[in-house]
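**Student:** Any chance you can model this:
(one chain, ligands or ions: 1)
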Amino acid sequence: MNTSTDHLHPHASATPIAEPAESAGRLIACRDCDLLQQEVRLARHADAHCVRCGARLYRGTRTGLTTMLSLMAGCAVLMVVANLFPIALIEVQGAWSQTTLAGASLALWQNGRPLVAIAVGATTIALPALEVALLLYLLIPLRLKRVPPGLPMAFRLVLLVHPWSMMEIFLLGVLVTLVKLGDLATVVPGASLWAFCGLIVLFTMAASSFSVRDFWRWADSAGADWEGD
Ligand SMILES: [Zn+2]
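**Tutor:** Numbers count the residues shown, from 1 in each chain. As a prediction, the model looks like this:
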């Protein structure tokens, strides 16, 4: 199956659509009905639709590279805070206990639920961290008009990892648990919980404004050479 990025940056360069021309005037195939059409420059946040079947062909610029980079840098800082500090402090009959994100996964493992522990660790710590790290690896050089080595591979990995980041589901679970625990114990939200809330807000903002087309445009203007890959 072809994706829109394949249409924009195919590896072969024999056909007219493979020309890495400036965005205006480039040909694009409708993914629903295969009709070839000429791209037009769109206003910010506008969408282009197929003239024959009405399917959405592509979207106009969603966000700038600097904005996206700032959001990712913010995510990285909040991610560090969310992982270093306790999620909550819990007091039961004078005894205080606390746990971190990694501690919560570890506790699941020790309680004989290794699969759940791995799922929680992967979807709330490892994969979101990998996604933010990869995006910083890609966006910082692009902002400096340089092309990072292995850009296509790293970006493919970002698209692969993104659906598996489920921090908001974990947060919902934690909040329900803490509210229920409130009847039995004193619960004080930790720094990690606040950082985690902020992280989810920034991460969602970044995900909703990120567009694959914008990314390739940033790569193009940094001088990426697609023939070399
Ligand atoms: Zn169509």
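**Student:** quick check, residue 91 in a helix?
**Tutor:** No. With DSSP: H, G, I helix; E, B strand; the rest coil as the criterion, residue 91 is located in strand rather than a helix.
**Student:** what about the closest residue in space to it that isn't next to it in sequence, how many neighbours?
**Tutor:** In space, and not counting its chain neighbours, residue 91 is closest to residue 186: 4.0 Å by C-beta to C-beta, 6 or more residues apart in numbering. In short, each C-beta sits where N, CA and C put it, glycine included. Each residue near residue 186 was counted by other C-beta atoms under 10 Å, and the total is 12.
**Student:** begin at 405 from here
**Tutor:** Sure thing, new numbering starts at 405, so read that last one as residue 590.
**Student:** Now do the SS call for residue 502.
**Tutor:** Residue 502 - assigned by three-state DSSP - is strand.
**Student:** That one reaches residue 489, doesn't it?
**Tutor:** No. Assessed by C-beta atoms under 8 Å, residue 502 is found out of contact with residue 489, at 9.1 Å.
**Student:** Need the residues touching each of those two.
**Tutor:** residue 594 (C-beta atoms under 8 Å, 6 or more residues apart in numbering).
**Student:** Surely the residue nearest to residue 495 and residue 492 touch.
**Tutor:** No. Checked against C-beta under 8 Å, the pair residue 590 and residue 492 is beyond contact range at 10.2 Å.
**Student:** picking that back up, can you pull the contacts of the residue nearest to residue 495?
**Tutor:** 494-496.
**Student:** which of those lies closest to the ion?
**Tutor:** residue 494 (56.4 Å; C-beta to the ion).
**Student:** can I assume the closest one is in contact with residue 502?
**Tutor:** Yes. Checked against C-beta under 8 Å, the pair residue 494 and residue 502 is within contact range at 7.0 Å.
**Student:** Flag every residue of this structure that's near the ion.
**Tutor:** 434, 436-437, 439, 454, 456-457, 459 (C-beta under 5 Å from the ion).
**Student:** sorry, back to before: who's more crowded, residue 494 and residue 502?
**Tutor:** residue 494 (20 against 15).
**Student:** Bridge partners for the more buried one, pull those for me.
**Tutor:** Applying DSSP bridges to residue 494 yields these beta-bridge partners: residue 501, residue 591.
**Student:** For residue 597, which non-adjacent residue is spatially closest?
**Tutor:** residue 491 (5.3 Å).
**Student:** tell me the pLDDT at that neighbour?
**Tutor:** With respect to pLDDT, residue 491 scores 91.
**Student:** What is the burial count for it?
**Tutor:** Quick note: residue 491 (other C-beta under 10 Å) scores 25 neighbours.
**Student:** what about residue 432, distance to the ion?
**Tutor:** 10 Å (C-beta to the ion, to the nearest Å).
**Student:** and that residue, that one's in a helix?
**Tutor:** No. Counting by three-state DSSP, residue 432 is not part of a helix but strand.
**Student:** So residue 439 is in contact with residue 456, correct?
**Tutor:** Yes. Between residue 439 and residue 456 a contact is recorded at 4.8 Å, counting by C-beta under 8 Å.
**Student:** Low-confidence ranges, this structure, go.
**Tutor:** Where the chain drops to pLDDT under 70, the residues are 405-429, 630-633.
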